[in-house]
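Q: No sequence on hand, only this structure:
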């Protein structure tokens, strides 16, 4: 029996950018393998979502978000400079047909996709609401930073949220564990890509 598309569902793929992959200035362990799994998931679940959205760090001059002496908590090495190869959507996901591309952090540090906008200036919350989305699935990079921030903001705005944990990769095991606890406390649910 064919699977019918549940109305009002979107998937947000957070920051699948080369600068966060192995060999980049801010690599997340397992990023390449995770992106391959995300690509398969999007193919296998093509009927599950009404919208596919990707976010990008897109820094022009983000102030002290960039640092020559980063603490890897609030300051970071230079990464995802706007219009560079490191900021584009990674080749593993570049051919996806995105319904919206959200860029964040032009002139500040920004972690949540809800802090960003599309090229025409539409904010993520507006895009979701306009398209009658009430449930978002969040995957991507990194679990303990931008995935967490995006999921928490979605919950705060009243969306139902689930995170597919094996389609995410975190920077640090302990901060990833704390992020999962914070998301769970906010009402985010979790699943595996193998769940139906």
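A: That came through fine. Keep in mind that this is a model prediction, so the values were computed, not measured.
Q: For the helix or strand where residue 166 lies, name the packing helices and strands.
A: In the assignment (DSSP states H and E), residue 166 maps to strand 160-169. Applying 3 or more Cβ pairs under 8 Å, 6 or more residues apart in numbering; DSSP states H and E, one finds that strand 160-169 contacts helix 31-44, strand 135-141, helix 148-156, helix 173-185, strand 189-191. (C-beta placed from N, C-alpha, C; glycine too.)
Q: Can you add mean neighbour count and mean pLDDT and give those back as JSON lines?
A: Output for the helices and strands packed on strand 160-169, formatted as JSON lines (neighbours: other Cβ atoms under 10 Å; pLDDT from 0 to 100):
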{"stretch": "helix 31-44", "mean neighbour count": "18", "mean pLDDT": "97"}
{"stretch": "strand 135-141", "mean neighbour count": "27", "mean pLDDT": "98"}
{"stretch": "helix 148-156", "mean neighbour count": "23", "mean pLDDT": "98"}
{"stretch": "helix 173-185", "mean neighbour count": "15", "mean pLDDT": "97"}
{"stretch": "strand 189-191", "mean neighbour count": "14", "mean pLDDT": "97"}
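Q: do you know how far residue 22 is from residue 86?
A: To residue 86, residue 22 is 13 Å away according to Cβ to Cβ, to the nearest Å.
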